[in-house]
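Trainee: Sequence and predicted structure, then a few things I'm wondering about:
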Amino acid sequence: MLTMLLHAWPLWRALGGSIGRALAVSNAISAHFPREAAWYLHIAGCDPAAQGRGFGAAAVRGGLDRLLGSGLPAYLETATERNLAFYRALGFEITAEWSVPKGGPRFWSMLRPASS
């Protein structure tokens, strides 16, 4: 509760009246995490002007290289359908397709098997 109160004002300033929607998305994402232990690729992005030049793939591969030998899979979700081929090329497989309740966006959960 204390942590929530400490973050309440910055969240309100950032999200304003959309805070309820943001919490619904956050809760939906959490509900789809894998049950087994996995590394979570939280946010990856590339400026649209730089897309298609390999920068995003290099950044994600760099993170995945750090997982080698951990014995754990890597997990992510994306709400952008055109990203599916990008993540598949990096070894991720779709494990679920779902939508945030009450008309929220559609997401795909993806898992990359553990590498040794």
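Mentor: Thanks, I have the structure now.
Trainee: How about residues contacting the helix or strand bottoming out on mean pLDDT in the chain?
Mentor: Using mean pLDDT, DSSP states H and E, the weakest-scoring helix or strand in the chain turns out to be helix 2-15, at a mean of 74. Helix 2-15 is contacted by residues 19, 22 when judged by Cβ atoms under 8 Å, 6 or more residues apart in numbering. Backbone N, C-alpha and C define where each C-beta goes, glycine included.
Trainee: From the chain's centroid, how far away is that helix?
Mentor: 22 Å (Cα atoms, centre = their mean, to the nearest Å).
Trainee: got it, and stretch 42-57?
Mentor: With Cα atoms, centre = their mean, you get 14 Å for stretch 42-57.
Trainee: Offset the numbering so it begins at 58, please.
Mentor: Happy to do that; since the first residue is 58 now, the last one works out to stretch 99-114.
Trainee: how long is it end to end?
Mentor: Its start and end residues considered, stretch 99-114 measures 15 Å (Cα to Cα, to the nearest Å).
Trainee: Over to stretch 127-146?
Mentor: The straight-line separation of the ends of stretch 127-146 (Cα to Cα) is 21 Å.
Trainee: The protein: strands as residue ranges?
Mentor: Along the chain, counting by DSSP state E, strands occupy 96-97, 131-135, 150-156, 163-169.
Trainee: Please identify the most buried of those strands.
Mentor: Comparing the strands of the chain by mean neighbour count (mean count of other Cβ atoms under 10 Å), strand 131-135 ranks first with a mean of 21.
Trainee: Quick one: residues in contact with that one.
Mentor: Outside strand 131-135, the residues touching it (Cβ under 8 Å, 6+ apart) are 86, 89-91, 95-99, 101, 121, 124, 141, 144, 149, 164-169.
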